[in-house]
Structures are given as C-alpha cells and as structure tokens.
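Participant: test case, fold it:
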Amino acid sequence: MATNRKILARLAIILAVSQCNGYQSSLAGYRTIVRPSSFLPSSSPPSTFSTSTSTSMTRLFHPQRSSAISTQKGDGIEPSVYGGVDWTALVKYTVGVAAQLSFLFVFLTGIDQTLARFSLRIPFAANVIFFYAFNLKSSLFSILPTSDAKETSKLTKDREDREYTKRIPTWTPPGIAFVFGWPLLTFGLRAFTAAMIVQQSGRYATPAIMSLMLHFCVVNLWNTIDNVERRLGVSVVGLYSIWLTKAFAAWQFYRVNPRAGKLLAVTLTWITAAVAIKTRTWQINPDPDTGKREPLVPMKHSRWTTKFRWEP
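Facilitator: Numbering: from 1, shown residues only. Coordinates of the predicted model:
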C-alpha cells in the first residue's frame, strides 16, 4: 500500500513539472508573436501618418494657421511663392475707379452748367468727336498709371522677357482685325451712341452717360493691371468686368434711346472675342515661379506693385 502511494506521488510530480515547462514555452511563443511595444507608448518619433493627420486636423480647426503650416518642410506641401492676397492693391483699385468716376462726373456737370448758363447746344458731330476723344484720353482723369511710354520704360528686364516669351492662342485673329475691332467698331460706336444720348437728353451728366464713364474707368483700371503691373490672371477678371460694365451701359442707353442701346450692344461681340483670347492666353502661360496659372486675385509678390501716379 505504501509503495503504491509513493509511486502515485512521483507520477504527480512528473506531470506537474511537464505542464510548467509547456506553459513557459507557450508564453515565449506568445511574446514572439505579440510584442508589448505595439500596445505600449514608445519614445520613438511619431510615424508619417501621425504627422499628416495632426497637420490636417490643425488645418481643419485652425484655418488661420494653415499658411504657416504650408510653409513647413517635410509635410508634403510646397511652400507658396505668394505672400497672401494683396489687399493694398484691391484698395487702390477701388479708390482709383471711384476717384476717376467722381472727377468725370464733376467735369461733365461743369459742362452742363456752362452750357445752361450761356444757352448753348453742342452739335451732334462735335459730340461724336468729344466722346471719341474720351475713348483715347479718359485716363487723364485716372489716379492710377496707365500704359504710357513713361510707365512702359520702367519695366524690368525680367518682366520684358516674360512678355517676349508669352504664348498666344493659335486662333488669335491677325493684327488688322484689332484695327477694325477697337478704333473703328468699339471706339466709333461708343462715341456715336453717346452723342445720340446727349442729343436726346440735352445733358452730359446723366445716368446713361455716367454708366459709359464707369465703363471707361474699368477699362483704365484694366490698362493698369495688364499693361503696367502685368498681372495676367487679374487682367482676365478685369476683362470680364469690362464686358459687364459695357452691357450695363448698353442697357442704360436703351432706356433712353433703344437704337443707341442696340448699337452699343454690338460692341460686346468684339469684347467677347477679347475676353476669349485673354482667357486662353492665361491658360497656356503658367506662372514661371510656380508652374501653375497665375491667380485671379491680386497676390503679394516682388514683381507686382500697385502705385498711384504720384508714388515713386
């Protein structure tokens, strides 16, 4: 009996030892498959996914810091060559148009008062010549520089090179088309229809004529943007503004004299062609600094500066 008990005790000890060894080998295998480092915090640098996620969340909840984030290196975003929206240019554009329109209104009002005081009436042909001259010299009332020889001579060599290398659409009409499109069709019909309005109303400073003056102001602003500052993208928006102000003037003319309004609306055909040409030119001439199309709003950059006439 005692011998049997000893044998059973030895068998229990052997079984316990074998189970313990099996547990240790299983634990070692578990440690090999599942490492604690995958669950516990690590002192190693965060992964790329964590960085990009943090950056995206920062842009989402802190949009005011997005520009600063975009200039950091290593986050997969190229730093911008622009310094943000050029609010100074936008303010000067607005002030320039408002000032020129005010000067024109005072000038035309003075003509009305002078003619009324002396009971004078200007002949129709003289008014055609008068308004045709406005097509050419309305920039005299602008406080922003335009494309005269003095301003053109200030262009830097880099800006001149940009103009020489600029591509134009293949379907651009020949130069002779511009002779008929601007001096004859556009300028001529502007002058002729404006003289019709003055002849019918007997005054110059009327809503219809002032709508045409607004159109002249926007044209002069476009000359500043395109010919002086060379902002290709912004000049496209300027041409659309020219189209809209011309359509508004044609509508105002139509309310006074339907025939004059219809004739002035004819000039929209040529302006539409000019808008198409300029838009396509903008599309095929990317900014050499970015390789992308120039922005449609004024942006801060070393090569773009908006100045009044009296500023150095």
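Participant: tell me which residues in stretch 100-107 are buried?
Facilitator: In terms of neighbour count (16 or more other CB atoms under 10 Å), stretch 100-107 has its buried residues at Gln100, Leu101, Phe103, Leu104. In this view, the C-beta of every residue, glycine as well, is placed from N, C-alpha and C.
Participant: any chance of those residues in a markdown table, plus secondary structure?
Facilitator: Rendered in a markdown table, the data for those read as follows (DSSP: H, G, I helix; E, B strand; the rest coil):
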| residue | secondary structure |
| --- | --- |
| Gln100 | helix |
| Leu101 | helix |
| Phe103 | helix |
| Leu104 | helix |
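Participant: identify the farthest-apart pair in these.
Facilitator: Using CB to CB, the two most remote members of the buried residues of stretch 100-107 are Leu101 and Phe103, lying 7.4 Å apart.
Participant: what packs against whichever strand or helix holds Gln252?
Facilitator: In this assignment (DSSP states H and E), Gln252 forms part of helix 232-256. Other helices and strands packing on helix 232-256, by 3 or more CB pairs under 8 Å, 6 or more residues apart in numbering; DSSP states H and E, are helix 187-201, helix 207-223, helix 258-284.
Participant: so of these, which one's packed in deepest?
Facilitator: helix 207-223 (a mean of 22; mean count of other CB atoms under 10 Å).
Participant: just checking, what packs against it?
Facilitator: When contacts are defined as 3+ CB pairs under 8 Å, 6+ apart, helix 207-223 packs onto helix 87-118, helix 187-201, helix 232-256.
Participant: show me where pLDDT drops low in the stretch 1-150 of the chain?
Facilitator: Across the stretch 1-150 of the chain, the stretches falling below the confidence threshold (pLDDT under 70) are 1-80, 147-150.
Participant: the same query, at a cut-off of 90, please.
Facilitator: Scanning the stretch 1-150 of the chain with the threshold set as pLDDT under 90 gives 1-83, 134, 146-150.
Participant: with the stretch 201-312 of the chain instead?
Facilitator: Where the stretch 201-312 of the chain drops to pLDDT under 90, the residues are 287-291, 302-303, 312.
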